[in-house]
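Undergrad: Model the following, please.
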Amino acid sequence: MRPWDGTFNSKRALPVEQIDNLLVQLAARCRFSDEAIRKKRHLDVKVDMELKDILVRLESWEAKWFVRLILRDHCTVGLEENFVLERYHFLLPELLMFQNDFDAVFKMLRSELSCYPPVPEPTKQQYMRLEAAQKLRAIVGIKVGRPTFHKAWSLKHCIQLVGQRAWAAEVKYDGEYCEIHIDLDRAPNHIQIYSKNGKDATADRRPLHATIYEALRIGRPDCKLKKKCIVLGEMVLYSDRERRIMAFSKLRKQISRSGCFIGTLQDSLPHEWEHLMIVFFDVLVLDDELTLRHCLQDRRKILRDLVHVVPGRSMRSEWTLLDFCQDKTGDGITDLKQIFARNLAERQEGLILKPLHAPYFPLLSEQGHHQAGFFIKLKKDYLADMGGERDLGDFAVIGADFDAQTAPKTNIKPLHWTHFYLGCCLNKDAVERTGAKPKFMVVASLSLDKCIPKSAVKYMNIQGYVRQSVLQDNGSTAEFDIQYPKGYERRMTTVFKRPFVAEVLGGGFEKLQNEWFEMLRHPRVKKIHHDRSWEDAVCLEDLERMAEEKWELPDADKLDGHTRDIALLAKKYIKEMGGSQSTMKTDDTTQQTTPRSSPISPGPTITRTISQSASNRTVVQETQEYIYTSVSTSHGSADGSTQGKGTRASRELRVLVREDTSERLGVSNLSAPISTASKPDSLSLHKSSATSALSNINKRSSFMWKISPPDSKRRKALAPLRSSGGKRDLGGFDYDSQEGTIHIYTRKGVKVQVHTGSQDKEHKS
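TA: Residues are numbered from 1 along each chain as shown. Got it, this is the predicted structure:
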């Protein structure tokens, strides 16, 4: 088009509205667009003619940017989203967090927020933000934004991020995010579900609707929901046969994408014993109450009352209190290491750390600068100091192709190719034994944009030019055959006679769409090996072996500091679970009440801590606590040093409290916090022999009243039953806090005497 630039006799202006209407009509024709966009389609509009009418009126440079606008790829221009939004109005980024809809946000700016100038003086912006925050409302039917997430790249980095605050360590479930909006006034479509990217996924997730109705008890007398609510959850796949949550890759065959199934060609058919399950972890709106203004601890209390647990169908996420407030003894760090180690031992995805006393958005707190306004992702795959870089291997780079859209993103000259293809040999044994023709499977395509260092791109563009081979019509060359994964869109245009060997790093493994094998997640090249050939690279058998080892823990002897402690603890927990890692079943979550018939070590014990708040209300926490014997080799030092003072992490029993629910009970005539571990007779509520089991344990002092952990979760697990005067094991017991029942498992002939303060009863088994 460049030769025709400047040849217009009279160039007509192109209104922005015409461009906008064309973009809307293009999106309305796509089945993957939101339903509200698809409804805007006008069948009488000829999109091809509209495109032609616009393109013939543009200069070449204007047409270039017009095409980039349609493709949503601005190539050489990087725009910081918040910076652009703040230029329009300083409140716009925060408003989009509450209501992720431009029409709704602009309506607010023209009405109740019209008193605020678009760009006030910098000294007044913080005050205006806090003032405007009191007027913000999350609306049912409009997607709510998400808080900022930070990845912890090492244990030291994680400890720096948490600071001296109280946090909740929540189990990260391997599923799909669901933002569930319920409006009982909008019959018959009460439920609306949004995905993480803001798309309305209500129709695709229809199999989950009945579970949501049952979990929220909609239509029942005991339903806590009167009009509307917004709850957050994770959609996972549950197997009744294996009684556990399945891997994320198995979720694809259960969920359609705009009415079609994607990437399921190599997946098994859905089984009758597999079904969708929802794990609830937050509530943002409940009727007229904007609960996202409350701190996380209060929101979890509301969630407990709102959600009814249905085994295998719905549950609340499992979380643990971590107290880093004035953590001079390192208790918070020790607790973090213990819960993360157990997370690894149970082959879970990782942890999400959330500030316990901050609202859902930091803008809602007048003490926002004192609270953390972000969540932390803690995964083994991210931790460089815990084998996060173990997921790497030497892969053969067998070919390349050129993409005109990617080329402007670099200034490398000469630039023959922008994408490079990794391949794994399928018949390496036959090649070595009989000299058979090698056959490669393409396992990944890497772009020069963010996946390959600039030096490696330049080297392969220069050296690869003299290594080119003739690519035949069937996709093979004289040197080797090539096989593409099913449904693979890109095809290489150049094949190298002698493949390069690149060291490739990834963040864990995932099963590729339409394939039976797993590949590194987010692969990226670290460097090119000049002294190796493709025979030294990873073959497909090696790739399978690497994927099978993804759950294995790193060697503790090769680690130090906190990471060494975690590795030792995880191996200890694996041994206690039977010597092998297995994904935790939901029978082991806070939602199950099935009693066990045999002792389990380590077992929980019942502890009661009474602390009096400033308003003279007494908080009684009754929690089932795991008691782990720490095998830590380092002390609680935030810098990872192993030379800290004290021996608590290595000698004393640590108490790790897993949280889910909370209850407040009124207790009169209490003037100071009391620990019943040392005075069993001071409390007349649900006496238990656990007090004697804990009498010799040096326990940590009570938390401050504002971070008192919620009450007992309904978790049934056995605690050891020992005599108070010795160490003889008499059996085990467990306690159901909601049924108020203590189950004791011991030999026949043992008398059990219950002291209630008013009367004594004897029972004989």
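Undergrad: Where does pLDDT dip in the stretch 301-450 of the chain?
TA: 326-329, 363-372, 387-391 (pLDDT under 70).
Undergrad: mind listing the strands for it?
TA: Taking DSSP state E, counting those that start in this stretch as the test, the strands found in the stretch 301-450 of the chain are 314-316, 319-323, 351-355, 374-378, 392-401, 419-425, 439-447.
Undergrad: The third one vs strand 319-323, what angle?
TA: For the pair strand 351-355 and strand 319-323, the angle between their directions (axes from the mean of the first three to the mean of the last three C-alpha atoms, to 10 degrees) equals 50 degrees.
Undergrad: tell me the angle strand 351-355 makes with strand 374-378.
TA: Using the same axes, to 10 degrees: strand 351-355 against strand 374-378 is 160 degrees.
Undergrad: Return the list of helices and strands in contact with strand 351-355.
TA: helix 155-162, strand 166-171, helix 331-345, strand 374-378 (3 or more C-beta pairs under 8 Å, 6 or more residues apart in numbering; DSSP states H and E). Every C-beta, even on glycine, is put in place using the N, C-alpha and C of the backbone.
Undergrad: ok and the third one relative to strand 319-323, angle-wise?
TA: When the same axes, to 10 degrees is applied, the directions of helix 331-345 and strand 319-323 differ by 150 degrees.
Undergrad: Who are the packing partners of helix 331-345?
TA: By 3+ C-beta pairs under 8 Å, 6+ apart, helix 331-345 packs against helix 155-162, strand 166-171, strand 319-323, strand 351-355, helix 561-576, helix 648-651, strand 653-659.
Undergrad: Confirm for me that Ile212 is in contact with His190.
TA: No: Ile212 lies out of contact with His190 (C-beta atoms under 8 Å); the separation is 9.1 Å.
Undergrad: And the two? Which one has more around it.
TA: Shown here are Ile212 and His190; by other C-beta atoms under 10 Å, Ile212 has more neighbours (23 against 19).
Undergrad: Just read off the phi/psi values of the more buried one.
TA: phi -70, psi -40 (degrees, to the nearest 10).
Undergrad: Next one: Arg252 from Lys550, what distance?
TA: 19 Å (C-beta to C-beta, to the nearest Å).
Undergrad: again with Glu535
TA: For Glu535 relative to Lys550 (C-beta to C-beta), the value is 25 Å.
Undergrad: who's more crowded, those two?
TA: In this view Glu535 and Lys550 are compared by other C-beta under 10 Å, and Lys550 has more residues nearby, 17 against 14.
Undergrad: per-residue pLDDT, the more buried one?
TA: Looking at Lys550, its pLDDT stands at 80.
Undergrad: re the thing from before, among the strands of the stretch 301-450 of the chain, which comes closest to Leu23?
TA: Checking these against Leu23 by C-beta to C-beta gives strand 439-447 as the closest, at 25.6 Å.
Undergrad: Report the inter-axis angle for that closest one versus strand 419-425.
TA: Going by the same axes, to 10 degrees, strand 439-447 makes 150 degrees with strand 419-425.
Undergrad: which parts of strand 439-447 are buried?
TA: By neighbour count on 16 or more other C-beta atoms under 10 Å, the buried set for strand 439-447 is Lys439, Phe440, Met441, Val442, Val443, Ala444, Ser445, Leu446.
Undergrad: Which elements pack onto that strand?
TA: Here strand 439-447 touches strand 392-401, strand 419-425, strand 481-483, strand 518-520, helix 540-548, going by 3+ C-beta pairs under 8 Å, 6+ apart.
Undergrad: tilt between whichever helix or strand comes after that strand and strand 419-425?
TA: Later in the chain than strand 439-447, the nearest helix or strand by DSSP states H and E is helix 454-463. Comparing the axes of helix 454-463 and strand 419-425 via the same axes, to 10 degrees yields an angle of 80 degrees.
Undergrad: what's helix 454-463 in contact with?
TA: 397, 400, 410, 412, 414-417, 420, 448, 500, 502, 525, 527-528 (C-beta atoms under 8 Å, 6 or more residues apart in numbering).
Undergrad: Toward the C-terminus, what is the element adjacent to it?
TA: strand 468-469.
Undergrad: mind checking how far Ile230 is from Pro207?
TA: 21 Å.
Undergrad: Between those two, which has more neighbouring residues?
TA: Between Ile230 and Pro207, counting by other C-beta under 10 Å, Ile230 is the more crowded of the two (26 against 13).
Undergrad: Quick check, pLDDT for the more buried one.
TA: pLDDT, Ile230: 95.
Undergrad: That one should be in a helix, yeah?
TA: No: secondary structure of Ile230 (DSSP: H, G, I helix; E, B strand; the rest coil): strand, not part of a helix.
Undergrad: can I assume it is in contact with Asp282?
TA: No: in this structure Ile230 lies outside contact range of Asp282 using C-beta under 8 Å: 9.1 Å.
Undergrad: residues contacting Ala152?
TA: Cys158, Leu161, Ile376, Lys377, Leu378, Tyr382, Leu383.
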